[in-house]
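# here is my input; please provide its structure:
(4 chains, ligands or ions: 2)
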There are 2 protein chains.
Amino acid sequence: MKNMSVKKKRNGPIMFPKATLERLKMYHALLQEEKSEYISSEEIARKLSIKPEQVRKDISYLDYSGKPKVGYHISSLVDALDELFGTKLRDNIIIIGAGHLGKALANYKGFVNFGIRVVAIFDNDPEKLGTYAGELVVLPLKDLDRVIRRFNVKIGTICVPGESAQKTVDLLIKKGIKAIWNFAPVILEVPENILVENMDIARSVLTLKHLLDRTPTGKIR
Amino acid sequence: MKNMSVKKKRNGPIMFPKATLERLKMYHALLQEEKSEYISSEEIARKLSIKPEQVRKDISYLDYSGKPKVGYHISSLVDALDELFGTKLRDNIIIIGAGHLGKALANYKGFVNFGIRVVAIFDNDPEKLGTYAGELVVLPLKDLDRVIRRFNVKIGTICVPGESAQKTVDLLIKKGIKAIWNFAPVILEVPENILVENMDIARSVLTLKHLLDRTPTGKIR
DNA sequence: CTATTATCGTTATAATTTTCACGTTATATT
DNA sequence: AATATAACGTGAAAATTATAACGATAATAG
Ligand SMILES: NC(=O)c1ccc[n+]([C@@H]2O[C@H](COP(=O)([O-])OP(=O)(O)OC[C@H]3O[C@@H](n4cnc5c(N)ncnc54)[C@H](O)[C@@H]3O)[C@@H](O)[C@H]2O)c1
Ligand SMILES: NC(=O)c1ccc[n+]([C@@H]2O[C@H](COP(=O)([O-])OP(=O)(O)OC[C@H]3O[C@@H](n4cnc5c(N)ncnc54)[C@H](O)[C@@H]3O)[C@@H](O)[C@H]2O)c1
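Ligands and ions are numbered 1, 2, ... in the order given. I've put the predicted structure just below:
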């Protein structure tokens, strides 16, 4: 009789450690590329430069079990991760700011793999209104209300300059947005029931700069 | 006699906990926007929804001290963070892949604030060669060697599709690149002396999807 | 000048996360 | 069918990280 262990999952929502969630996303990325049928914790660990025990512990949080002697059935594990992240459910999102980055996102074909559909892109520059970003016409902010209701949009993407970010967020929240995907390099203040995910692209390179300065190889510069 | 405590820093390179480094980046983002002269750990903590003790502990890693009764002198603290991250030293970087994202990055004016200069952008599509991305002409891969040497490039930015990412990285490493800033949604395998920072933009939205499903407000969808 | 107070820096304590160690189980072998 | 083995799952130990507590200190008020 397999899987008789009572999973923590059953008793209310588990809190995933933030680091575990990040690693689960890495497993998701890795496994999606894998061609074979099974993979061991050891192989996953090797490819990600972590310990196999860590991999097993992380996966034990999921509603999924591997097979002794064989490893993890990749497509089932991906299913479990898809379940965790809701990638099979589609969320409609909007983008505010039809500049270089906003347009790149609007053109991105890969979002479908993550259960994301960009339903509209907005800008406040009259010159930009009516132009195209991918398949989408750039809309004025006055259309926000209509679009958010019509497509039941929960996630708003901030692609405006840093100095406009906070007021844009305030507006989105007033219009009913529940989660902010923030690409502006600033810290946003939001009510505590609103989620924020910061994608501070440029600042992320500082990790590399920091480490390059401290790594034997990179020391000379 | 102030600052008589022997900082850990003095005895060899400190290891910053990953979470601490991430928070230090957030302080950097927050403080750069701050207009006043001083700020307290309490105010920083409030704006980032963390505890003030955490802020003080993080800052204690730096070669910087605040003032009792007053708080942290913002511009000095920013200087200490700039020092930590090397934002005042310029690194020349290259971009591989002159598609939507690569061009957006090539056009980004904000990199100067992070000590980054994009010196070249490459593509393997003959149609793209010679076209412009910002100020830069799109170059063929055969120019890699020359550019990397001429500008002493340590960091390579991956903006090619996932399926080309690994071979592009292999090539860059062969040409002497020491750090990879990876925007492709795949896990890269590199020798252990090579640094990798993954900017898996699309996958980052999964955190929001995951939490929206588990947050009272976002439950109904 | 002294007392008071706000806020830092740091040591001690608590909580969390990772690693270890080993029992369990599915498959393969003799 | 019994045995060997590879890999998982998990409870316990270790390590790391976060929180709390508190003494030290600079500014301010009296
Ligand atoms: N381009 C990149 O590669 C890159 C890299 C790192 C960070 N970012 C950040 O992403 C954001 C967007 O960058 P970008 O390069 O696309 O900038 P951009 O200047 O090309 O585009 C910004 C767009 O926002 C619009 N806008 C400004 N204020 C607005 C408002 N209040 N409401 C609606 N629209 C408004 C502008 O009209 C413009 O079209 C910025 O915060 C930037 O710092 C971009
Ligand atoms: N555009 C986005 O907003 C976005 C969002 C998330 C992730 N990404 C990721 O970023 C990467 C780039 O995305 P994009 O939208 O710019 O794609 P894109 O298709 O617009 O551009 C890719 C470019 O890479 C070039 N290329 C392909 N193989 C190459 C090779 N071997 N050597 C050199 N150049 C090569 C192509 O000619 C093309 O110009 C992809 O991995 C994508 O998954 C992009």
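# what is the burial count for whatever residue of chain A ends up closest to ligand 1?
Taking CB to the nearest ligand atom, ligand 1 has its nearest neighbour within chain A at residue A:99, 1.6 Å off. Heads up, the C-betas are built off the backbone N, CA and C, glycines and all. The tally of other residues near residue A:99 (other CB atoms under 10 Å in any protein chain shown) stands at 17.
# for the closest residue in space to it that isn't next to it in sequence, what are its contacts?
Among residues not flanking residue A:99 along the chain, residue A:159 sits closest, at 6.4 Å (CB to CB, 6 or more residues apart in numbering or on different chains). Neighbour list for residue A:159: A:95-99, A:101-102, A:105, A:183-184 [criterion: CB atoms under 8 Å, 6 or more residues apart in numbering or on different chains].
# again, only this time at 6 Å
Residues in contact with residue A:159 (CB atoms under 6 Å, 6 or more residues apart in numbering or on different chains) are A:95, A:97, A:101-102, A:183.
# for chain A, which residues are neighbours of DNA strand D?
Proximity of chain A to DNA strand D, by CB under 7 Å from any atom of the strand, involves residues A:5, A:40-42, A:52-53, A:56-57, A:59-60, A:65-72.
# is residue A:72 in a helix, a strand, or coil?
Recorded secondary structure, residue A:72: strand (DSSP: H, G, I helix; E, B strand; the rest coil).
# for chain B, see how far away the closest residue to it other than its chain neighbours is.
Excluding the flanking residues, the one nearest residue A:72 by CB to CB, 6+ apart is residue A:66, at 4.2 Å. Distance of residue A:66 to chain B, computed by CB to the nearest CB, to the nearest Å: 19 Å.
# residue A:55 touches residue A:41, doesn't it?
Yes - Residue A:55 is within contact range of residue A:41, at 4.2 Å (criterion: CB atoms under 6 Å).
# ok now the helix or strand hosting residue A:47, how far from the chain's centre?
Assigned by DSSP states H and E, residue A:47 belongs to helix A:41-48. How far helix A:41-48 lies from its chain's middle: 22 Å, per CA atoms, centre = their mean, to the nearest Å.
# what is the mean pLDDT for it?
For helix A:41-48, mean pLDDT is 98.
# related to what we said a few turns ago, the more surrounded of residue A:55 and residue A:41?
Applying other CB under 10 Å to residue A:55 and residue A:41 shows that residue A:55 carries more neighbours, namely 24 against 20.
# for that one, give its distance to residue A:83.
18 Å (CB to CB, to the nearest Å).
# re the thing from before, now, which of the contacts of residue A:159 lie close to ligand 1?
A:97, A:101-102, A:183 (CB under 6 Å from any ligand atom).
# at which residues are the helices of chain A located?
A:18-33, A:41-48, A:52-60, A:74-85, A:100-107, A:144-150, A:162-174, A:201-214 (DSSP state H).
# can you tell if the first one touches ligand 2?
Put plainly, it is helix A:18-33. No - judged by CB under 6 Å from any ligand atom, helix A:18-33 and ligand 2 are separated, with a smallest distance of 10.9 Å.
# wait, does that helix contact DNA strand C?
Yes - contact between helix A:18-33 and DNA strand C is present through A:18-20 (criterion: CB under 7 Å from any atom of the strand).
# list just the nearest of those residues to residue B:194.
The nearest member of the residues of helix A:18-33 next to DNA strand C to residue B:194, counting by CB to CB, is residue A:19 at 22.5 Å.
# retrieve the pLDDT associated with the closest one.
We note a pLDDT of 93 for residue A:19 in this prediction.
# kindly report the same for residue A:15.
Residue A:15 is given a pLDDT of 74.
# tell me how chain A divides into domains.
A:9-85, A:91-204 (automatic domain parsing).
# of all those, which gets the most neighbours per residue?
domain A:91-204 (a mean of 19; mean count of other CB atoms under 10 Å in any protein chain shown).
# distance between stretch A:189-206 and the chain's centre?
On CA atoms, centre = their mean, the centre of stretch A:189-206 falls 12 Å from the chain's centre.
# tell me the phi and psi of the one residue in chain A that gets nearest to ligand 2?
Proximity of chain A to ligand 2 (CB to the nearest ligand atom) peaks at residue A:108, 3.7 Å away. Backbone torsions for residue A:108, taken as degrees, to the nearest 10, come to phi -70, psi 120.
# okay but residue A:97 is in contact with residue A:162, surely?
No - shown here, residue A:97 and residue A:162 do not form a contact pair, counting by CB under 6 Å, at 11.0 Å.
# residues in chain A within reach of ligand 2, list them.
So chain A meets ligand 2 at A:104-105, A:107-108, A:110 (CB under 6 Å from any ligand atom).
# if you set the cut-off to 5 Å instead, what comes out?
Taking CB under 5 Å from any ligand atom as the contact definition, chain A meets ligand 2 at A:104-105, A:108, A:110.
# and the residues you listed as JSON lines, adding pLDDT?
Below are these laid out as JSON lines (pLDDT from 0 to 100):
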{"residue": "A:104", "pLDDT": "98"}
{"residue": "A:105", "pLDDT": "98"}
{"residue": "A:108", "pLDDT": "98"}
{"residue": "A:110", "pLDDT": "98"}
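# out of those, which comes closest to residue A:78?
Checking those against residue A:78 with CB to CB, the nearest one is residue A:110 at 16.0 Å.
# and for the closest one, nearest residue in space, chain neighbours not counted?
residue B:202 (5.6 Å).
# so where is chain A shaky, pLDDT-wise?
A:1-14, A:216-221 (pLDDT under 70).
# give me every residue in it lying close to ligand 1.
Residues of chain A lying close to ligand 1 by CB under 5 Å from any ligand atom are A:97-101, A:123-125, A:159-162, A:164, A:183-185, A:201-202.
# again, only using 8 Å
A:96-104, A:122-125, A:127-128, A:141, A:158-162, A:164-165, A:167-168, A:183-186, A:200-202 (CB under 8 Å from any ligand atom).
# what about stretch A:33-50, start to end distance?
19 Å (CA to CA, to the nearest Å).
# run through who's touching it.
Against stretch A:33-50 from outside (CB under 6 Å, 6+ apart): A:26, A:30, A:51-52, A:55-56, A:70-74, B:186.
# so what sits opposite residue A:155 in the bridge?
residue A:93, residue A:179 (DSSP bridges).
# thinking again about what came up before, the residue nearest to residue A:110 and residue A:113 touch, don't they?
No - Residue B:202 lies out of contact with residue A:113 (CB under 6 Å); the separation is 7.5 Å.
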